[in-house]
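A.B. asks: coords below, sequence missing:
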């Protein structure tokens, strides 16, 4: 998954950019007390561990077989 696809997934789940500094973006949504940090790199692939950590922090469950 590319960073742009990950950001699109977060936005579909209601997250919006709260603040941005350089390539680092912080996402949040009403009712969610934590900010989700994404070091945005556009069309580059998101490392698997980073991808899973971001989804976990955002409380997003993914289906098996989907990476």
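C.D. replies: Perfect, thanks for sending it. These figures come from a predicted structure and were not determined experimentally.
A.B. asks: bridging residues for residue 17?
C.D. replies: Per DSSP bridges, residues listed as beta-bridge partners of residue 17: residue 27.
A.B. asks: what's the burial count for it?
C.D. replies: By the criterion of other Cβ atoms under 10 Å, residue 17 has 14 neighbours. For every residue, glycine as well, the C-beta is placed using N, CA and C.
A.B. asks: In contact with it, which residues?
C.D. replies: Residue 17 makes contacts with 25, 26, 27, as judged by Cβ atoms under 8 Å, 6 or more residues apart in numbering.
A.B. asks: quick check, nearest of these to residue 51?
C.D. replies: Using Cβ to Cβ, residue 27 comes nearest to residue 51 of those, at 14.3 Å.
A.B. asks: Can you tell me which of the contacts of residue 17 lies closest to residue 40?
C.D. replies: residue 25 (5.2 Å).
A.B. asks: For ChimeraX, write a command that selects the buried ones of the contacts of residue 17.
C.D. replies: Typed into ChimeraX, the next command selects the buried ones out of the contacts of residue 17 (criterion: 16 or more other Cβ atoms under 10 Å):
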select :25,27
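A.B. asks: Kindly reformat the contacts of residue 17 as TSV containing distance to residue 41 and pLDDT.
C.D. replies: TSV is the format used below for the contacts of residue 17 (distance: Cβ to Cβ, whole Å; pLDDT from 0 to 100):
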residue	distance to residue 41	pLDDT
25	11	96
26	16	97
27	15	97
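A.B. asks: can you redo the contacts of residue 17 as JSON lines with distance to residue 49?
C.D. replies: Shown next, in JSON lines, are the contacts of residue 17 (distance: Cβ to Cβ, whole Å):
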{"residue": "25", "distance to residue 49": "19"}
{"residue": "26", "distance to residue 49": "20"}
{"residue": "27", "distance to residue 49": "19"}
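A.B. asks: closest to residue 9 among the contacts of residue 17?
C.D. replies: Minimum distance to residue 9 across the contacts of residue 17 is 10.7 Å, recorded for residue 27 (Cβ to Cβ).
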